[in-house]
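Enquirer: 3D, please:
(4 chains)
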2 protein chains.
Amino acid sequence: MEDGDCLSLRERKKLATREALNVAAVRLALEVGLENVRVADIAYAADVSPRTFNNYFSSVPEAIVALAAERAMTLGELVRRRPRTEQLAEAVTNALVEVHASQEYQKELVRMIITTPLLRAEFFKTIIARDNALAGAIAERVGSPPGDLFPQILAAAYSSATRVVTHRWLQDDSVDFIAVLREAVGLIAPMAAARDSNGRAKAKDNNRAQGHAA
Amino acid sequence: MEDGDCLSLRERKKLATREALNVAAVRLALEVGLENVRVADIAYAADVSPRTFNNYFSSVPEAIVALAAERAMTLGELVRRRPRTEQLAEAVTNALVEVHASQEYQKELVRMIITTPLLRAEFFKTIIARDNALAGAIAERVGSPPGDLFPQILAAAYSSATRVVTHRWLQDDSVDFIAVLREAVGLIAPMAAARDSNGRAKAKDNNRAQGHAA
DNA sequence: CGTAAATTTGCGTGACGCGCAAAATGGTTG
DNA sequence: CAACCATTTTGCGCGTCACGCAAATTTACG
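Expert: The predicted model follows:
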């Protein structure tokens, strides 16, 4: 989670101002509400000129969602790293748990993103990226032929299950995010089991059909 | 598909200008590209003052997506109208087919919505509404207890499967939308079958678990 | 008709996104 | 250290936009 890996000063400063803008945007939005945050305010809080803000983000929502967006994109990589001994459903579940494990203390931010229409719309752009990354990892794992629908459908199912769980978690403070997430992805397991690399070909024979007209 | 049901002249005119703005926005965007469409152009094409545009829509993307948005929202109602003799998966599938059956000739519009980031983001607002409507209908059909995750998860799975299919349909002109849609939702059937109102309780016993912490 | 309600319109204001070019800062080489 | 190039920051300006407000226009109804 550290930025300063072995980057030139230039790049570190770039990351720094980007992050400064991001945290300033988030903080201000949480404090006074998105609609009362001006670009100039964020720039001022980040000790940077207003014009510079637009060198990094082209809108306030984008600045706010940036961090969450980067997080979400790692999902594909996480799935790829799961040991091959795990079932498909198991691997995806564990990867999802990994991504969201550290999210608990950002609850207010997540809530704001989900409930504010502008932020929500912005965040959806992230979600499609996540879906595609996940679909790629799944396709790799089950060895899908190109054009196979299964990985994308399954990835989308997992992804939107995560959305549903997040929503519930925000509504009810007593729920344990990870626990409900596990329950939710459990509902999807029957789908994943129909095409698993370990116990494969459990299902009917209509799996590989594609491209034929009605 | 008709507007003039039994509305006062006032309301008919209102609908008329709304539709005029919508079709003008769509037409212009298809002709010259979204980024070259000014609000003033749309207003002019709809024989209305620029200020009036903002009485109906607060952005060009919103105006373009409006019709598709209204369409999508009817999905819940469509599911509710399916005969009770149909299995859950069957009912949802048929409802989805119904909504999209007439969409074929709007392919260019759909393509523009999906490929243009601003329109895409706008359209996602619609999708959540559709998801919720569908989830409600599913919950009703299977008689879910309040707080049950299943309807939302299943609705989200169907909804995003539709998204995936649309995407594929746009990429490859040779695919029959309805056929691929049927194939895709077939992948979800195992999920739906685990909790069906007809053949119910087919699955393991972890269905009703919820609200318990880890 | 005439009056009340709703809709349209024009105008003004504050804000935004971004292209452009000058200034500032970082990196590199002799 | 100094000179030089690359990158980033900054200020400025332009065209656009969303929206509040109040006047003008249109609709509804007695």
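Enquirer: neighbours of residue A:10, just the number please.
Expert: Other residues within reach of residue A:10 by the criterion other CB atoms under 10 Å in any protein chain shown amount to 8. For every residue, glycine as well, the C-beta is placed using N, CA and C.
Enquirer: all helices of chain A, in order?
Expert: Under the criterion DSSP state H, chain A carries helices at the ranges A:9-32, A:39-45, A:50-56, A:60-73, A:75-81, A:88-101, A:107-115, A:117-142, A:150-171, A:177-193.
Enquirer: got the contact list for residue A:37?
Expert: Contacts for residue A:37 (CB atoms under 8 Å, 6 or more residues apart in numbering or on different chains) come out as A:25, A:28-29, A:60.
Enquirer: report the buried members of those.
Expert: A:25, A:28-29, A:60 (16 or more other CB atoms under 10 Å in any protein chain shown).
Enquirer: rewinding a little: tell me the one of the contacts of residue A:37 nearest chain B?
Expert: Nearest to chain B among the contacts of residue A:37 is residue A:60, at 14.3 Å by CB to the nearest CB.
Enquirer: related to what we said a few turns ago, quick check, nearest of the buried ones among the contacts of residue A:37 to residue B:166?
Expert: Using CB to CB, residue A:60 comes nearest to residue B:166 of the buried ones among the contacts of residue A:37, at 30.1 Å.
Enquirer: you'd agree that closest one is up against residue A:25?
Expert: Yes. Using CB atoms under 8 Å, residue A:60 is in contact with residue A:25, at 6.1 Å.
Enquirer: any shared contact partners between those two?
Expert: A:37, A:42.
Enquirer: could the helices of chain A be laid out in TSV, adding distance to residue B:19 and mean pLDDT?
Expert: Shown next, in TSV, are the helices of chain A (distance: least, CB to CB, whole Å; pLDDT from 0 to 100):
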stretch	distance to residue B:19	mean pLDDT
helix A:9-32	36	95
helix A:39-45	36	97
helix A:50-56	36	98
helix A:60-73	30	92
helix A:75-81	41	95
helix A:88-101	43	93
helix A:107-115	31	93
helix A:117-142	24	91
helix A:150-171	32	94
helix A:177-193	40	93
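Enquirer: any chance of those helices in JSON lines, plus distance to residue B:104?
Expert: What follows is these, written out as JSON lines (distance: least, CB to CB, whole Å):
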{"stretch": "helix A:9-32", "distance to residue B:104": "42"}
{"stretch": "helix A:39-45", "distance to residue B:104": "43"}
{"stretch": "helix A:50-56", "distance to residue B:104": "41"}
{"stretch": "helix A:60-73", "distance to residue B:104": "34"}
{"stretch": "helix A:75-81", "distance to residue B:104": "33"}
{"stretch": "helix A:88-101", "distance to residue B:104": "34"}
{"stretch": "helix A:107-115", "distance to residue B:104": "34"}
{"stretch": "helix A:117-142", "distance to residue B:104": "24"}
{"stretch": "helix A:150-171", "distance to residue B:104": "22"}
{"stretch": "helix A:177-193", "distance to residue B:104": "28"}
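Enquirer: of those, which stretch is the most buried?
Expert: helix A:150-171 (a mean of 24; mean count of other CB atoms under 10 Å in any protein chain shown).
Enquirer: now do the contacts for the most centrally placed residue in chain A.
Expert: The centre of chain A sits closest to residue A:72, judged by CA atoms, centre = their mean, with a distance of 2.7 Å. Each residue near residue A:72 by CB under 8 Å, 6+ apart is listed here: A:99, A:126-127, A:129-130.
Enquirer: can you check the pLDDT for residue A:7?
Expert: pLDDT, residue A:7: 78.
Enquirer: doesn't residue A:16 make contact with it?
Expert: No. With contacts counted by CB under 8 Å, residue A:7 stays clear of residue A:16, the gap being 10.4 Å.
Enquirer: who's in contact with the closest residue to residue A:79 other than its chain neighbours?
Expert: Nearest residue to residue A:79, sequence neighbours excluded (CB to CB, 6 or more residues apart in numbering or on different chains): residue A:137, at 3.9 Å. Counting by CB under 8 Å, 6+ apart, residue A:137 makes contact with A:75-77, A:79-80.
Enquirer: make sure residue A:129 is actually in contact with residue A:73.
Expert: Yes. Using CB under 8 Å, residue A:129 makes contact with residue A:73 at a distance of 5.6 Å.
Enquirer: which phi and psi values does residue A:87 adopt?
Expert: Dihedral angles of residue A:87 (phi, psi; degrees, to the nearest 10) stand at phi -60, psi 160.
Enquirer: around DNA strand D, which positions in chain A sit nearby?
Expert: Residues of chain A lying near DNA strand D by CB under 7 Å from any atom of the strand: A:10-11, A:13-14, A:17, A:48-52, A:55-56.
Enquirer: closest one to DNA strand C out of the buried ones among the contacts of residue A:37, please.
Expert: Proximity of those to DNA strand C (CB to the nearest atom of the strand) peaks at residue A:60, which lies at 6.1 Å.
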